[in-house]
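Asker: need a structure here:
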Amino acid sequence: MADHELKPHWQDWTLFGLRWVFLFGISLILYTARSQSTQTFSQLDLAIAFGVGAVLNLLLGAAIVFPSFHTMLPFIILVEDWVLTGIYIYITQNDALAAGDQMLLVGIMSVLIVSAMLRLGPIWGAFHTLGVIVAAAGVMIYLVGADQMQTLVEPYTIPALLVTLLTLMAGVWVYVEYEKTSGHRDALSNLARLREEQISEMRERADALSKMTDRLNSTSNIKKILDASLDLGDWSLRRKGEKRAARVISLAFLVRASDESLYMVNSRGLPYTDDNRVIAGKGGIVGKALDECVTIIGKDASKDPELSTINAFFGIRSVLCIPLRAKFDNFGVLLYGSDRPNAFNEDHIDTLNMIGIQTAVALQNAYLYNTLIEEKERIIQLEEAGRKALVRDLHDIPAQTIAAVKMRINIIQRLMERDPAQVPKELKEVEEMAQRANEEIRHILSSLNPLALESQGLKAALDQFAERVRKPPLNQKINMRVNSEAETYLDKTKQGAVYYLIEEAVGNACKYAEAQLINVAVGRKGNVMVIQIEDNGKGFDVNARNNDGRDHFGMHNMRQRAETLDGTLDMRTAPGQGTTIVVRFPIETGRKVDDESLLSQIPDSKLALKAKANFEQMVGKH
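Answerer: Numbering: from 1, shown residues only. All right, here's what the predicted structure looks like:
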């Protein structure tokens, strides 16, 4: 049945038309013969035969028009032709005029057999032919009677031989043509199926590329960008319907700015022994791709001078290397490998090339975006710290001094009426108070904007702070000891928090402790950073101070800064015994400060440095 469903549609309509030609032709022949005869004949049997044939042929047309009935076509043809054979054999052989006209019998059977065989093919055609012969023989036996069967042998021998000969010729021709075209039909069927699979794969690839583009455009996380690139490359290399899935590996390397070598930043299908691999990128397929700035295809990875050092490439027989390139700079490569030979076709290359381009652009955008975010956070933190410091310092010193100046001016106004001789002395004191307020404000301004902290680091900033404390108006003796190693494990944000915490503690000691000496030490003990501020001043009763109901702004600020460092603040003091403040907070000694930034998701890469340079250029223009 499947063979008939694959037949071209025009063959069904051809058979439909031939059946009408047969009906009109045979009816016209019989009607003409009867009209020329002197005998009287009724034309009713012709009309009935034509009507039955027309109904069966219309049923055939309906089956052709409606696809749901296509599977019924062979059965309709069989029934129609067998019925037509029986009817017209009965009419022609029972007609007194046509009795004995064996050639008309041959014509009826031959037209039905040959036309149907051309449509049905050899197997169903043979079954159809057998049915036509059985129908004709049955009608003839019915007409002459079972006891007169021997009378059919001699007169119908030649017609039977002619029908048989025509049937054999048509059958042989149909069989030869069927076998001849069956190969073409199979090839076309396979080609159609292959095209459908290719179209389906192209749609899936386009859909995956679209989703990948959305993922790349919606994230600034460098690891997620590389995950999307490697996942899509891995998916595009796997074929559907394979008995054994191909082993596929994929890697991402970035160029290290310090020595132009390539270090692995992400991978798929690699054992843990291959993690953190570094290659020179000067030879083999990787070196060629970087030198020529084009996608390179390799065969046996075990013979590559650089890839052969990576265990995962053992047994890899197809390699594709795509340079990550933007604005004439190479930032890295994407590597894809398969254990199948010739695993990369043009579709794979186009898809993976597009992945490489999208990845390079997305990585650049991510680095630039992260740089902007870091700068924004740094500015916000500096502004917040400055605002709090300004509020605190204005509350502690200048506001009180200005209030005292205002009170002195009121006193001077009364003295001008009662004792003018005392006015010059009071004016001198007001001048000194105003001068102190001016010095205090200058000190606050310099504390709000410690340029050395930004340009030279924590140690230089604290040394300069100590120099200001030693000078008027504070005139405080202070020892500042900062281990230079401390800066190695503190980023800019943490350095700022440490600076303002020490500034707060020293300021409180200068104002309230009446200390002769203040000692400040900053150093590292294992994985902990320790800050100690100690004075030999008058100290105080901690319990009494905690219960006096007052809001001690300075202590609150110091504890808050210690919490931002994920640390603790301990205070030891007593009346007449000075005060010691110790702050401890954890640090990560396994990596340097630069690794803690957003851009350090992939540290020391040429791409990161390029993004920073682009950012600085943008800032410079504005």
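Asker: make it CA atoms for all contacts and neighbour counts henceforth
Answerer: OK.
Asker: domain assignment for the protein?
Answerer: Residue ranges for the domains of the chain, per automatic domain parsing: 2-191, 217-355, 457-590.
Asker: reformat these as CSV; add distance to residue 368.
Answerer: Output for the domains of the chain, formatted as CSV (distance: least, CA to CA, whole Å):
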stretch, distance to residue 368
domain 2-191, 49
domain 217-355, 9
domain 457-590, 19
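Asker: skip ahead from the helix or strand of the chain with the lowest mean pLDDT and say which helix or strand is next.
Answerer: Here the helix or strand of the chain ranked lowest by mean pLDDT, DSSP states H and E is helix 2-5, holding a mean of 42. Reading on from helix 2-5 to the C-terminus, the next helix or strand found by DSSP states H and E is helix 9-36.
Asker: just to revisit the earlier point, worst average pLDDT in the domains of the chain?
Answerer: Ranked by mean pLDDT, the domains of the chain bottom out at domain 2-191, which scores a mean of 74.
Asker: show me the strands in this structure, by range?
Answerer: 248-255, 262-268, 278-279, 296-298, 318-326, 329-338, 478-482, 518-525, 528-535, 568-573, 579-586 (DSSP state E).
Asker: give the contact list for the residue lying closest to residue 267 once chain neighbours are set aside.
Answerer: Leaving out its chain neighbours, the residue that sits closest to residue 267 by CA to CA, 6 or more residues apart in numbering is residue 251, at 4.2 Å. For residue 251, the contact set (CA atoms under 8 Å, 6 or more residues apart in numbering) comprises 230, 264-268, 334-336.
Asker: which residues of the stretch 501-622 of the chain fall in helices?
Answerer: 542-546, 553-564, 606-621 (DSSP state H, counting those that start in this stretch).
Asker: just the stretch 151-300 of the chain next, same as before
Answerer: For the stretch 151-300 of the chain, the helices defined by DSSP H, counting those that start in this stretch occupy 157-218, 222-237, 284-292.
Asker: residues contacting the residue lying closest to residue 483 once chain neighbours are set aside?
Answerer: Among residues not flanking residue 483 along the chain, residue 523 sits closest, at 5.2 Å (CA to CA, 6+ apart). With contact taken as CA under 8 Å, 6+ apart, residue 523 is in contact with 482-483, 485-486, 529-531.
Asker: now the two most distant members of those residues.
Answerer: 485 and 531 (13.3 Å; CA to CA).
Asker: of the two, who's got more company?
Answerer: residue 531 (20 against 12; other CA atoms under 10 Å).
Asker: partner residues bridging that one?
Answerer: With DSSP bridges as the criterion, residue 531 is bridged to residue 522, residue 583.
Asker: any idea how far it is from residue 279?
Answerer: 43 Å (CA to CA, to the nearest Å).
Asker: likewise residue 583?
Answerer: In terms of CA to CA, residue 583 sits 44 Å off from residue 279.
Asker: same question, residue 21
Answerer: The value you get for residue 21 to residue 279, if CA to CA is used, is 82 Å.
Asker: of these two, who's got more company?
Answerer: residue 279 (19 against 12).
Asker: my guess is that one contacts residue 256. True?
Answerer: No. Counting by CA atoms under 8 Å, residue 279 does not reach residue 256; the two are 10.4 Å apart.
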